[in-house]
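>>> Give me the fold of what follows.
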Amino acid sequence: MFVARMAVLAAAALCTSSLVEAKTLRWASQGDALTLDPHAQNEGPTTAMNSHVYEALISRDPSLAKVPGLALSWKTIASDVWEYKLRPDVKFSDGTPFTADDVVFSYNRALSPSSDFRSYISSIKEVKAIDPLTVHIITDGPNPILPDYTSAILIMSKAWSEKHNVAKPQSFKDKEETFAVRNAMGTGPYTVKQRDPDVRTVLEKNPTYWGAKDFPNYSDELVYTPIKEPATRVAALISGQVDFVLDAPLQDIARIKQTPGLKTEETAQVRSIFLGLDVGSPELKYSDVKGKNPFADKRVRQAMYQAIDINAIKAKVMRNFSAPAGLTTAPGVHGYTKALDERLKYDVAGAKKLMAEAGYPNGFGVRSTAPTTATTTTSRSARRSPACWRRSASGSTCRRAPRRCTSPSCRRRTPACTCWAGVCRRSIRTMSSPSSTRPRMRRRRSAAGTTPATATPRWTRSPTPC
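The predicted structure follows:
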């Protein structure tokens, strides 16, 4: 199912009355960035926070089309060489110039063993600085989609990183504490003024930002406060303690819309919610089936698929802020095929028949998990699926796990069935007008995990039987 999301804005805080004076935008969401090290964790809220300070060679517009970032142009000059021409007159927030050496340093850093972005650029053999504004990226054979991954690699200052002994990314799994975990030096619209993880983060306008002329009225200061409880976030918005809520609870959208001075905005989100099954293990670790893996049988997977009442999840859990999906890839993402984006029909009787044919007429038990902090609706959707499965003769007990436990890169992931917050299609973004929003928020898509919006519909996608 595709999920749409909404952002709730305090209109009074963002309108013209505030544009003549110093502007502070106070916003809240349910979770915080895991680290400020831009290469340590490939995780939605973390990348969203870091993208206020750091930039990539290539950015994205609202339609997800690639647009110039720190690179003005890019092209292939050989089958295995991409040439990037860098934007001139760009400075880091400490006033030092941005050059090709910073690009070479950042890409080599992102290829380090402790980087969570290595898989994105694993085809890269070498990065060369040809001159201060030209970079050649040499790949292990042709890689026509390298620019798509280029948009995910944020650029750091080589001099600043070496000065503070952060030439390598933080080892997040080892709970390493480095200077880059709470401090940052980028070319983006903001700098870090205060960083108290899980409490408060204050960003202030970067006086050297090259793009300021294109966004003359963006906020002077951003104050971010993570507020875990949905009801508390909404109360903070309505009481005026915050100006903007990224992920308002869907059940509160009608109330927010009726509150004077508040508005909601909705837009498409590149995100899916789907179920991931362990089909590779010889035996499931948390199941009452021993000696074999029932998920290895396509009939079992298809039965689970067709037993899920996706329209009930759309209506009851997602409050119609979602759309059923037939595959995990959303429009605008490489690999999306419209012809495959059709779901098999909801069919409990057919699911029971498939389970019986697979040798499980009475079903079987298995543990499933869902993240606790990705989105409330992700967790609720995951808990709704086992109820559907019980009606079709398969069984599942759902438990919620910490955010990183269900990440593909987390080695602690052991359940047989995991609900992932992945790629989605619809969401709600928190923007009222270009003059009142930070430039990055206007140019980038909503962050991977959950999209910033007051109330955003989301797509909940289920696995296709394969």
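
>>> Run a quick neighbour tally on the residue lying closest to Leu237 once chain neighbours are set aside.
Spatial nearest neighbour of Leu237, excluding adjacent residues (Cβ to Cβ, 6 or more residues apart in numbering): Val245 at 4.8 Å. In short, each C-beta sits where N, CA and C put it, glycine included. Residues within reach of Val245, counting by other Cβ atoms under 10 Å, total 32.

>>> Which stretches in the stretch 101-250 of the chain count as helices?
146-150, 158-163, 179-182, 230-239 (DSSP state H, counting those that start in this stretch).

>>> Need these in a markdown table (columns: mean neighbour count).
A markdown table is the format used below for the helices of the stretch 101-250 of the chain (neighbours: other Cβ atoms under 10 Å):
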| stretch | mean neighbour count |
| --- | --- |
| helix 146-150 | 19 |
| helix 158-163 | 17 |
| helix 179-182 | 19 |
| helix 230-239 | 18 |
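
>>> Let me have those in TSV, extended by mean pLDDT and distance to Phe92.
Below are those laid out as TSV (pLDDT from 0 to 100; distance: least, Cβ to Cβ, whole Å):
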stretch	mean pLDDT	distance to Phe92
helix 146-150	94	19
helix 158-163	97	7
helix 179-182	97	14
helix 230-239	92	34
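
>>> Rebuild these as TSV, extending it with distance to Ile273.
As requested, the helices of the stretch 101-250 of the chain are exported to TSV (distance: least, Cβ to Cβ, whole Å):
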stretch	distance to Ile273
helix 146-150	23
helix 158-163	36
helix 179-182	30
helix 230-239	17
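
>>> Next one: Glu266 from Arg255, what distance?
Distance, Glu266 to Arg255, by Cβ to Cβ, to the nearest Å: 16 Å.

>>> between those two, which one's more packed in?
Neighbour count, other Cβ under 10 Å: between Glu266 and Arg255, Glu266 has more, with 21 against 13.

>>> Assign a three-state SS to that one, would you?
Counting by DSSP: H, G, I helix; E, B strand; the rest coil, the backbone at Glu266 sits in strand.

>>> Use 3 as the first number for this chain going forward.
Will do, 3 is the new start, and the previous item becomes Glu268.

>>> measure it to Pro47 for me?
20 Å.

>>> Could you do Gly263 as well?
Taking Cβ to Cβ, one finds Gly263 at 27 Å from Pro47.

>>> Those two: who's more crowded?
Higher neighbour count among Gly263 and Pro47: Pro47, with 25 against 13, using other Cβ under 10 Å.

>>> Between the two ends of stretch 340-356, what distance do you get?
Chord length of stretch 340-356, first to last residue, is 27 Å (Cα to Cα, to the nearest Å).

>>> tell me how far it is from the chain's mean position?
Distance of stretch 340-356 from its chain centroid, counting by Cα atoms, centre = their mean, to the nearest Å, is 28 Å.

>>> And the residue nearest to Ile132 when sequence neighbours are not counted, how far from Ala73?
Spatial nearest neighbour of Ile132, chain neighbours left out: His138 (5.7 Å); criterion: Cβ to Cβ, 6+ apart. As judged by Cβ to Cβ, His138 and Ala73 stand 12 Å apart.

>>> Lys347 now?
From Lys347 to Ala73 the distance is 47 Å (Cβ to Cβ).

>>> Those two: which is more packed in?
Ala73 (24 against 8).

>>> what residues are up against the more buried one?
Applying Cβ atoms under 8 Å, 6 or more residues apart in numbering, one finds that Ala73 lies in contact with Leu59, Ile60, Tyr86, Lys87, Leu88, Arg89, Val137, Thr152.

>>> what helix or strand is the fourth one on?
So that's Lys87. Under the criterion of DSSP states H and E, Lys87 resides in strand 83-88.

>>> Of all the residues in that strand, which ones are buried?
The neighbour-count check on strand 83-88 (16 or more other Cβ atoms under 10 Å) flags Val83, Trp84, Glu85, Tyr86, Lys87, Leu88 as buried.

>>> Spit out the contact partners of the first one.
Residues in contact with Val83 (Cβ under 8 Å, 6+ apart) are His138, Ile139, Ile140, Thr141.

>>> Next one, pLDDT for the closest residue to Thr101 other than its chain neighbours please.
With Cβ to Cβ, 6+ apart as the criterion, Thr101 has its nearest non-adjacent residue at 4.5 Å, and that residue is Pro134. The score at Pro134 is 97. That number is its pLDDT.
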